[in-house]
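Chemist: Structure for this input, please:
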Amino acid sequence: MTLLLIALRSTLILAVFLGCLPLLRKHAGWKFQRAFLLTGLLSGFLPWVIHFLPESGLHFSALDPVLITGEALLNQAGAVFDWSVYLWPTYWAGVAASFLLLVREIIQLRHLFKGAHLVKQGKMTLVYTRQQQHSIFSWWKYLFIPQTNDNSGISEAILHHELEHIRARHSIDKLLMQLFVAFQWFNPLVYFYRTALRDLHEYEADAAAIRSTNTGDYATQLLAQALHTPDFVLVNHLVNHSTQLKKRLKMMQKNSLRKGNAWLPAGLFLVAISLSAMTAFAGNPIEKRLKTLARLQSETEQVAKEAEKMPQYKGGTKGLMDFMAKNVKYPEAARKDSLTGTVIMKFVIDTDGKVTNLRVGKGVHPLLDEAALSALHKMERWTPGETKGKKVKVEMALPIKFALK
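Modeler: Next up is the predicted model:
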């Protein structure tokens, strides 16, 4: 599964949950909506987990890669420039940069404790920072307050608001969201998802705050805190920006959520989960994967991790290359659609040299996968591998790279 395909599947999962959110706003409470978004976030990790999970516990011997072009068979992978070679390195560079930014933010937050005055108040700790140019915000169990404010200057409603963030552990959601952002830094939908989750946190905290005060008075207090908001993504801001503030004021004016059919939220939840599972495991049927894993595990004791004398095809490497040149055909439909990529074929050479357990270890596209599979089905017997003079089964891997000039 290529990087783009993984990202596409993850994006579709997030889109399903975001698409259901407007309907939930009319029929479900904030806590249910939060659980719904968090489920979508965790589901969005599935395509990545599936991709990086090892197919089996068996080790294999990798043969030299074979390059298939639209015109001829080449034995050097570097003969044709392939931009996809740089795709994964670029992706991991972005992930590393995202994690560095995350670490930098945590360090900046910890610096706020230097010289700060800490006051324990129930389940939270008030942190009166030495800085004056920031609004009130919370992070984990800490409520950060600029030194210009004293305890008497913080209203009961604002304390209830921030206490709800701490009690509900919204910081855990934010950390999980940022980890997801780090792995999908290139995906615009991830940032919309982060905004939706952040807004939901504020709606939930606002609902707790207005239970102890007049809505109009509370709105006035929020407006007063709209300036000097620190640029942190891990913290719970009292006010993020004017656009979000307008949405929060609008939500508070509704006083209470509209009630609808009780079964609708549960139904949407099941639909979203089902669609996510279908998207994540598309092309990777669970039953097929379990059967394959069971079969491979049953062979673990019989298949060697490596052999002193590795299996050889008739005529050695040149014989294998000649066979590939003759039998692997670039599908015409794949050429017209400019389909390229590396198909990794796996197979086991048993003790009599027969090719068994032939399969696609890592596919690219059904057309290219089938072209590679069909060709390898025609392979003759190999000279089996040996260890200490005894013939052993050895698993092999053959990368076949399809590229167009």
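Chemist: Next, count neighbours for R381.
Modeler: The number of residues packed near R381 is 14, by other CB atoms under 10 Å. Glycine gets a C-beta too; all of them are placed from N, C-alpha and C.
Chemist: swap in Y91?
Modeler: If we define neighbours as other CB under 10 Å, then Y91 has 18 of them.
Chemist: cool, and D206?
Modeler: 23.
Chemist: would it count as being in a helix?
Modeler: Yes: judged by DSSP: H, G, I helix; E, B strand; the rest coil, D206 forms part of a helix.
Chemist: From what I see, it and H161 are in contact.
Modeler: Yes: using CB atoms under 8 Å, D206 is in contact with H161, at 6.6 Å.
Chemist: can you pull out the helices in this structure?
Modeler: Under the criterion DSSP state H, helices of the chain are mapped to 3-27, 30-44, 46-52, 87-111, 156-167, 170-183, 188-209, 215-224, 242-253, 263-280, 286-299, 316-327, 332-336, 366-376.
Chemist: same for the longest strand anywhere in the chain, what does it pack against?
Modeler: If you go by DSSP state E, the chain has its longest strand at strand 390-403. In this structure, strand 390-403 packs against strand 61-62, strand 66-69, strand 303-304, strand 341-349, helix 366-376, strand 385-387, with contacts taken as 3 or more CB pairs under 8 Å, 6 or more residues apart in numbering; DSSP states H and E.
Chemist: Kindly check the end-to-end length of stretch 129-139 for me.
Modeler: Separation of the first and last residues of stretch 129-139 by CA to CA, to the nearest Å is 13 Å.
Chemist: mind listing what's buried in that stretch?
Modeler: Neighbour counts over stretch 129-139 (16 or more other CB atoms under 10 Å) mark T129, H134, S135, I136, F137, S138, W139 as buried.
Chemist: Can you list the low-confidence ranges for the stretch 51-200 of the chain?
Modeler: Applying pLDDT under 70 to the stretch 51-200 of the chain picks out residues 53-85, 132-134, 148-154.
Chemist: Now do stretch 348-362: everything it contacts.
Modeler: The contact list for stretch 348-362, computed with CB atoms under 8 Å, 6 or more residues apart in numbering, reads 1, 55, 292, 295, 299, 303, 311, 342-347, 369, 372-373, 376-377, 379, 381-385, 391-397.
Chemist: rerun at 6 Å
Modeler: 303, 311, 344, 346-347, 369, 376, 379, 381-384, 391, 393-395 (CB atoms under 6 Å, 6 or more residues apart in numbering).
Chemist: Could I have the buried ones of those as ChimeraX selection syntax?
Modeler: The ChimeraX command for the buried members of the contacts of stretch 348-362 (criterion: 16+ other CB under 10 Å) is given here:
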select :303,311,344,346,347,369,376,379,382,384,391,393,394,395
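Chemist: Confidence-wise, which of the contacts of stretch 348-362 comes last?
Modeler: Ranked by pLDDT, the contacts of stretch 348-362 bottom out at V303, which has 56.
Chemist: What's the per-residue pLDDT of the spatially most central residue of the chain here?
Modeler: For the chain, the residue sitting closest to the mean C-alpha position, by CA atoms, centre = their mean, is F45 at 3.7 Å. pLDDT, the model's per-residue confidence, is 88 for F45.
Chemist: same question, the one 5 residues further on
Modeler: I50 is assigned 79 on the pLDDT scale.
Chemist: For it, give its distance to F113.
Modeler: Using CB to CB, to the nearest Å, I50 is found at 41 Å from F113.
Chemist: Adding distance to L268, write the buried residues of stretch 129-139 out as CSV.
Modeler: What follows is the buried residues of stretch 129-139, written out as CSV (distance: CB to CB, whole Å):
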residue, distance to L268
T129, 42
H134, 39
S135, 35
I136, 35
F137, 32
S138, 31
W139, 32
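Chemist: sorry, back to before: save the helices and strands packed on strand 390-403 as JSON lines, and put in distance to L14 too.
Modeler: Output for the helices and strands packed on strand 390-403, formatted as JSON lines (distance: least, CB to CB, whole Å):
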{"stretch": "strand 61-62", "distance to L14": "35"}
{"stretch": "strand 66-69", "distance to L14": "36"}
{"stretch": "strand 303-304", "distance to L14": "40"}
{"stretch": "strand 341-349", "distance to L14": "25"}
{"stretch": "helix 366-376", "distance to L14": "26"}
{"stretch": "strand 385-387", "distance to L14": "47"}
